[in-house]
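A.B. asks: Kindly return the folded structure for what I paste below:
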Amino acid sequence: MTIRQYRDEDVESVAGLYTDTVRQVNIRDYSPEQVAAWAPQPPDLTRWRKRIAGLSFWVAESENRVIGFCGLGENGYIDFLYVSSSFQRRGIGRQLFEHVAAEARRKGASRLTTNASITARPFFESMGFKVLREQQVEVRGVTLRNYHMEK
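C.D. replies: Numbers count the residues shown, from 1 in each chain. So this is what the prediction gives:
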């Protein structure tokens, strides 16, 4: 596995992985209605390009296939840490997180923050994050719970 900078030609792979992961993994913690709002089919690639454009963004790749990704926003905000449903529990999320955290430190961030799903909360806690508050967020007219976390 390698971690490399995102390229625009990755957008379909990234959006597809995100949609699949939410629908295959996060379904354990969210209702079908919530998952459908969170990861609509088909993904809106124009929206994805705009969202990624505001981040420093990396992909994890194996055999020329995107198997995970993570973004870094301003002030140490960790955004979009996702690993393919087929590659869960292999240390890929940890490697992506460590890569992005090192980049955040290089850019001068003294703390990291994220908004973690119910599903991702244990991962971020294992990385040293603490919950600052539970949040109710609206996505396409549907309310989802997540956690604002900090390290």
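A.B. asks: Show me what counts as buried in the helix or strand encompassing residue 36.
C.D. replies: Using DSSP states H and E, the element containing residue 36 is helix 32-38. Judged by neighbour count (16 or more other Cβ atoms under 10 Å), helix 32-38 contains these buried residues: 34, 35, 36, 37, 38. Backbone N, C-alpha and C define where each C-beta goes, glycine included.
A.B. asks: and those residues as TSV, adding pLDDT and distance to residue 84?
C.D. replies: TSV is the format used below for the buried residues of helix 32-38 (pLDDT from 0 to 100; distance: Cβ to Cβ, whole Å):
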residue	pLDDT	distance to residue 84
34	96	21
35	95	16
36	95	20
37	95	21
38	93	17
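A.B. asks: Mind putting the residues you listed into CSV with distance to residue 116?
C.D. replies: As requested, the buried residues of helix 32-38 are exported to CSV (distance: Cβ to Cβ, whole Å):
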residue, distance to residue 116
34, 15
35, 16
36, 20
37, 18
38, 14
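A.B. asks: hang on, the earlier thing: not counting the following helix or strand past the helix holding residue 36 itself, show me its contacts.
C.D. replies: Heading C-terminal from helix 32-38, the first helix or strand you meet, by DSSP H and E, is helix 45-53. With Cβ atoms under 8 Å, 6 or more residues apart in numbering as the test, helix 45-53 has contacts from 6, 8, 11, 12, 14, 15, 71.
A.B. asks: Drop anything exposed from those.
C.D. replies: 6, 11, 14, 15, 71.
A.B. asks: In strands only, show me these.
C.D. replies: residue 71 (DSSP state E).
A.B. asks: tell me the SS of residue 90?
C.D. replies: Using DSSP: H, G, I helix; E, B strand; the rest coil, the structure places residue 90 in coil.
A.B. asks: burial of it, as a residue count?
C.D. replies: Counted with other Cβ atoms under 10 Å, residues neighbouring residue 90 total 15.
A.B. asks: roughly how far apart are it and residue 53?
C.D. replies: Distance, residue 90 to residue 53, using Cβ to Cβ, to the nearest Å: 29 Å.
A.B. asks: go on, residue 85?
C.D. replies: Taking Cβ to Cβ, one finds residue 85 at 26 Å from residue 53.
A.B. asks: who has more neighbours, the two?
C.D. replies: Per other Cβ under 10 Å, whichever of residue 85 and residue 53 has more neighbours is residue 85, with 14 against 10.
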